[in-house]
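Enquirer: Predicted model, plus sequence, below.
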Amino acid sequence: MTEAATPSDPHGTSAPAESAVAAEIALSASAGAPTSGTADPRVAAGSPTTAGSPGTGTQGPAAEFELAQVNIARLRFPLDSPELKDFVDNLAPVNADAEAADGFVWRLQSDDGDATDIPFLGDAWLIVNMSVWRDTDSLTAYMYQGRHREMLSRRREWFERVQEAMTALWWVPAGHRPTVGEAESRLLHLRANGPAPYAFTLRTSFPPQGAEPVLGGLPEDRGCSV
């Protein structure tokens, strides 16, 4: 970061904050500073993309699909502030842990190696991470162990508490790399409609063809702000 951050610009650039948007999954691949003029939350029309069942690894029909996840959080302080130094310093190690984890497929990142300069929903105080995993089991296993688990315990130091959904999961065809616009669409759909095959959560997930929901066993206090 080469410029000082201001209250209207938490990422140390000249882009003003836009509409405020009010966090639940992986800290890996953290991201999200929109530039001025970004305002296109895109709710896609049509049928949801469905995909492989959770916990099935690469065997059978599930191998045709992979699990995409997007997670956003709203910063309490600018990214270059002393309050967020530990968070920023741990981005690279946590990303490396994710890439080495069993079941990891892909993560959103810019040329800088993370996604802290990638806009989301036109709000400069939002950060976003997006990644693709083999299934829900591999994502959950990564989230609640090692360095990432340690960072989860500190999330309230860095991010605001919000009431609306900040995380969405959905199945994608194997090899597909979701776009930011796609992630915005999924998250907004979840907020408007609750868990469905188009966008769901770890606690209420769906198998490949959108059959009955699969209720997860995550403790109520388990959730990630990044």
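Expert: Looks like it arrived, so ask away.
Enquirer: and the lengthiest strand in the chain, what other elements does it pack with?
Expert: Using DSSP state E to define each element, the chain has its longest strand at strand 65-74. Here strand 65-74 touches strand 126-133, helix 136-143, strand 167-173, helix 180-193, going by 3 or more CB pairs under 8 Å, 6 or more residues apart in numbering; DSSP states H and E. Where you see a C-beta, it was placed from the backbone N, CA and C, and this is true even at glycine.
Enquirer: partners of it, with directions?
Expert: strand 126-133 (antiparallel), strand 167-173 (antiparallel) (DSSP bridges).
Enquirer: picking that back up, now the helices and strands packed on strand 65-74 in TSV, with distance to Glu160?
Expert: Converted to TSV, those look like this (distance: least, CB to CB, whole Å):
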stretch	distance to Glu160
strand 126-133	10
helix 136-143	20
strand 167-173	15
helix 180-193	16
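Enquirer: Make TSV out of these and add distance to Gly103, mean pLDDT and mean neighbour count.
Expert: Below are those laid out as TSV (distance: least, CB to CB, whole Å; pLDDT from 0 to 100; neighbours: other CB atoms under 10 Å):
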stretch	distance to Gly103	mean pLDDT	mean neighbour count
strand 126-133	5	95	28
helix 136-143	2	93	21
strand 167-173	14	95	24
helix 180-193	19	96	20
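Enquirer: between these, which one is nearest to Pro119?
Expert: Ranking the helices and strands packed on strand 65-74 by proximity to Pro119 (CB to CB) places helix 180-193 first, at 7.2 Å.
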